[in-house]
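Novice: Sequence and computational prediction follow.
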Amino acid sequence: MREPIFRNRRTKIVATLGPASSSEEVIESLFRTGVDVFRLNFSHGSHEDHAARLASIRAIEAKYERPIGVLADIQGPKLRIGTFRSGHVILQKGQSLRLDMSPVPGDSTRVQLPHPEIMTAARVGTRLLLDDGKIRLRVTRCGEEHLDTEVLVGGRLSDRKGVNVPDVVLPIPALTAKDRLDVAFALELGVDYIGLSFVQRPEDIIEAREIVGDRAWILAKIEKPQALERFDEIAALTDAIMVARGDLGVELPAEEVPLAQKRIVRTARRLGKPVVVATQMLESMIQAPTPTRAEASDVATAVFDGADAVMLSAETAAGQFPLEAVDIMSRITARVEQDESWRVVTDASRARLERTTSNAIAAAACQIGEDIDAKAIVAYTHLGPTALRIARERPAIPVLSLTPFTATARRLAIVWGVEPVESPTVHSMTEAVARATAITRSTGHADGTGEIVVVAGVPFGRSGVTNALRVASIGRKRGNSRP
């Protein structure tokens, strides 16, 4: 008999794998401690590394018979300067620095910028942020193959540091040649989500969709001001969203980032799109066994905002305390969800939705389930829409999502409050109720009498319709109790 894994929280945890978490033993420990989705960061590591880690994840998934989501986070177009003769320079505020196309190593007066797209898009006054914003330049003159800039914030600048251009939409595709190879490889491996980096416009999602199709969910990473300007259009086209606060925090003023996070989460929830809050959540735990109080508050804020999931990056990929980071993140999210004020805030933030039968059934299922203190809401779904509609309501009772497709079960692992279960297709409501009551017992959500709310689309086997609701009695089954 399989060993059951119970989570005492609804907010999901995404953890990045890396050198500190590459063995199957560590990955299994991370899963047992609380990870629901694993992130493979294609900015680092080889295809062989990622394939080995995914094989470990699938072995663990089979062992525990619990779907695990896998996110392939694609690098995206990385903009970098060239090199310096001495490896670095010291720039002074107010000095001039030319950026040009020449590959000759630079000095304190010039350096290569091998990106003609920036030369084309930049205008006098355009800001360039180097090395995560530590160095700030302003364009004073534009040439065909060079930009003259003034140093606004100086300091030490070394080889191949990154460049951010927050003021303009760059004429570059969201997927580079490397990205396309990585996406093809990730899809061949069978990942569940493709993380699309540096999204600027809706066309970036459309381009990715042509490649990905329905083989995985597309997760749009919002880390550019230009994406915020067209966020509603982007959110409508993607399957899931990430608040990528690293680059977003470089390109936006610091005081704008919390407001952007709240807007992104609010819009995603209204649309029923899973949303992940990421970057620097428990940053100090890369080197310390406990987080700062500010970091604990940051995780709690994401839960209060209504995020489906919170993510760990270097904390689990390269940190000294990966298990401790997952454990404390799980404890923080669980504690917030037990607080009365969280429920008040969550209920008050329910969005007004389009008046459709599917939305009405989902809302009614949650209301009825809470009114009768049901053991669970059991949602039948093929591709996920029914489960997403239920999750959007943030019900106070457990949600089991039954699907005949392994891919759907894995994708739903990132969705707030949803416990996905792979189960064969049913053909009638009578069969659906019988299956739902049996699975509610087997997953440990009921050990005696009680009721469940069953939600489905009729006729069965057709995706995209939620039009049936049934309240069913579990009855009593002797000798069955929750482990």
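Specialist: On my side now, so go ahead. This structure is a prediction, so every number in the text was calculated from the model and none was measured.

Novice: The biggest helix by length in the chain - contacts with which helices or strands?
Specialist: Assignment by DSSP state H gives helix 47-64 as the longest helix of the chain. Secondary-structure packing of helix 47-64 (3 or more CB pairs under 8 Å, 6 or more residues apart in numbering; DSSP states H and E): helix 24-33, strand 37-41, strand 69-73, helix 177-189. (Each C-beta comes from the backbone N, C-alpha and C, glycine too.)

Novice: tell me the most buried of the ones you listed?
Specialist: strand 69-73 (a mean of 26; mean count of other CB atoms under 10 Å).

Novice: mind listing what residue 121 touches?
Specialist: 165, 168-171 (CB atoms under 8 Å, 6 or more residues apart in numbering).

Novice: one more time with 7 Å
Specialist: Residue 121 sits next to 168, 170-171 when contact means CB atoms under 7 Å, 6 or more residues apart in numbering.

Novice: from these, which single one is nearest residue 223?
Specialist: Checking these against residue 223 with CB to CB, the nearest one is residue 170 at 13.3 Å.

Novice: Next up, the contacts around that closest one.
Specialist: Listed by CB under 7 Å, 6+ apart, the contact set of residue 170 reads 117-118, 121.

Novice: can you rerun that using 6 Å?
Specialist: 117, 121 (CB atoms under 6 Å, 6 or more residues apart in numbering).

Novice: With only the CA atoms kept, save the helix or strand in which residue 390 is found in CSV.
Specialist: Using DSSP states H and E, residue 390 falls within helix 385-392. Backbone C-alpha positions of helix 385-392 (Å, rounded to 0.1, in the frame of the first residue of the first chain) are rendered in CSV as follows:
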residue,chain,number,x,y,z
PRO,A,385,-11.0,24.0,-16.2
THR,A,386,-13.4,22.6,-13.6
ALA,A,387,-10.7,22.3,-11.0
LEU,A,388,-9.5,25.9,-11.8
ARG,A,389,-13.0,27.3,-11.4
ILE,A,390,-13.3,25.6,-8.0
ALA,A,391,-9.8,26.8,-6.9
ARG,A,392,-10.6,30.4,-7.9
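
Novice: Run through who's touching the helix or strand that that helix is followed by.
Specialist: Sequence-wise, the next helix or strand downstream of helix 385-392 (DSSP H and E) is strand 399-403. Identification of contacts with strand 399-403 by CB under 6 Å, 6+ apart yields 376-381, 387, 390, 409, 412, 417-421, 423.

Novice: Name every strand pairing with strand 399-403 and say which way it goes.
Specialist: In the sheet, strand 399-403 lines up against strand 376-380 (parallel), strand 418-422 (parallel) (DSSP bridges).

Novice: Can you lay out those as TSV showing mean pLDDT?
Specialist: Converted to TSV, the strands paired with strand 399-403 look like this (pLDDT from 0 to 100):
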stretch	mean pLDDT
strand 376-380	97
strand 418-422	96
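
Novice: Can you say which of those strands is nearest to residue 292?
Specialist: Nearest of those (CB to CB): strand 418-422, 31.0 Å.

Novice: mind checking how far that closest one is from the chain centre?
Specialist: Its chain's C-alpha centre and that of strand 418-422 lie 18 Å apart, by CA atoms, centre = their mean, to the nearest Å.

Novice: Export it to CSV, keeping only CA atoms.
Specialist: Below are the C-alpha coordinates for strand 418-422, written out as CSV (Å, rounded to 0.1, in the frame of the first residue of the first chain):
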residue,chain,number,x,y,z
VAL,A,418,-6.3,21.2,-5.5
GLU,A,419,-5.2,17.6,-4.7
PRO,A,420,-5.1,16.0,-8.2
VAL,A,421,-5.9,12.3,-8.5
GLU,A,422,-5.6,10.2,-11.7
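
Novice: returning to what we had before: tell me the buried residues in the longest helix of the chain?
Specialist: 49-50, 52-54, 56-57, 60-61 (16 or more other CB atoms under 10 Å).

Novice: how about those residues, which pair is most distant?
Specialist: Within those, two members stand farthest from each other by CB to CB: 49 and 61, at 18.9 Å.

Novice: Find the residue at the geometric middle of the chain.
Specialist: Compute the mean C-alpha point of the chain, and by CA atoms, centre = their mean the closest residue is residue 276, 3.7 Å away.

Novice: Three-state assignment for it, please.
Specialist: Classification of residue 276 by DSSP: H, G, I helix; E, B strand; the rest coil places it in strand.

Novice: Tell me the bridge partners for it.
Specialist: Going by DSSP bridges, residue 276 forms beta bridges with residue 242, residue 309.

Novice: who's in contact with it?
Specialist: 14, 242, 309, 311.

Novice: The same query, at a cut-off of 7 Å, please.
Specialist: Residue 276 neighbours (CB under 7 Å, 6+ apart): 14, 242-243, 307-309, 311.

Novice: just the helices in the stretch 101-250 of the chain please.
Specialist: Listed in chain order, the helices of the stretch 101-250 of the chain (DSSP state H, counting those that start in this stretch) span 116-121, 177-189, 202-212, 225-229, 231-237, 245-251.

Novice: got these as CSV, with distance to residue 32 and mean pLDDT columns?
Specialist: Output for the helices of the stretch 101-250 of the chain, formatted as CSV (distance: least, CB to CB, whole Å; pLDDT from 0 to 100):
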stretch, distance to residue 32, mean pLDDT
helix 116-121, 46, 94
helix 177-189, 23, 97
helix 202-212, 31, 97
helix 225-229, 36, 95
helix 231-237, 34, 97
helix 245-251, 28, 92
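
Novice: Let's have these in TSV, adding distance to residue 355.
Specialist: Putting those into TSV (distance: least, CB to CB, whole Å) gives the following:
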stretch	distance to residue 355
helix 116-121	43
helix 177-189	37
helix 202-212	26
helix 225-229	29
helix 231-237	18
helix 245-251	34
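
Novice: so which of the ones you listed gets nearest residue 433?
Specialist: Between the helices of the stretch 101-250 of the chain, helix 231-237 lies closest to residue 433; by CB to CB that is 34.9 Å.

Novice: Please name the nearest non-neighbouring residue to residue 52.
Specialist: Counting by CB to CB, 6 or more residues apart in numbering, the nearest residue to residue 52 once its immediate chain neighbours are dropped is residue 22, at 7.5 Å.

Novice: how much space between the one you found and residue 318?
Specialist: Separation of residue 22 from residue 318 (CB to CB, to the nearest Å) stands at 11 Å.

Novice: Give the residue spans of this structure that score low on pLDDT.
Specialist: Residue ranges of the chain with pLDDT under 70: 1-4, 476-483.

Novice: how about a cut-off of 90?
Specialist: For the chain, applying pLDDT under 90 flags the ranges 1-6, 78, 144, 173-174, 348-355, 442-449, 457-466, 474-483.

Novice: how far does stretch 338-352 stretch from start to finish?
Specialist: Chord length of stretch 338-352, first to last residue, is 25 Å (CA to CA, to the nearest Å).
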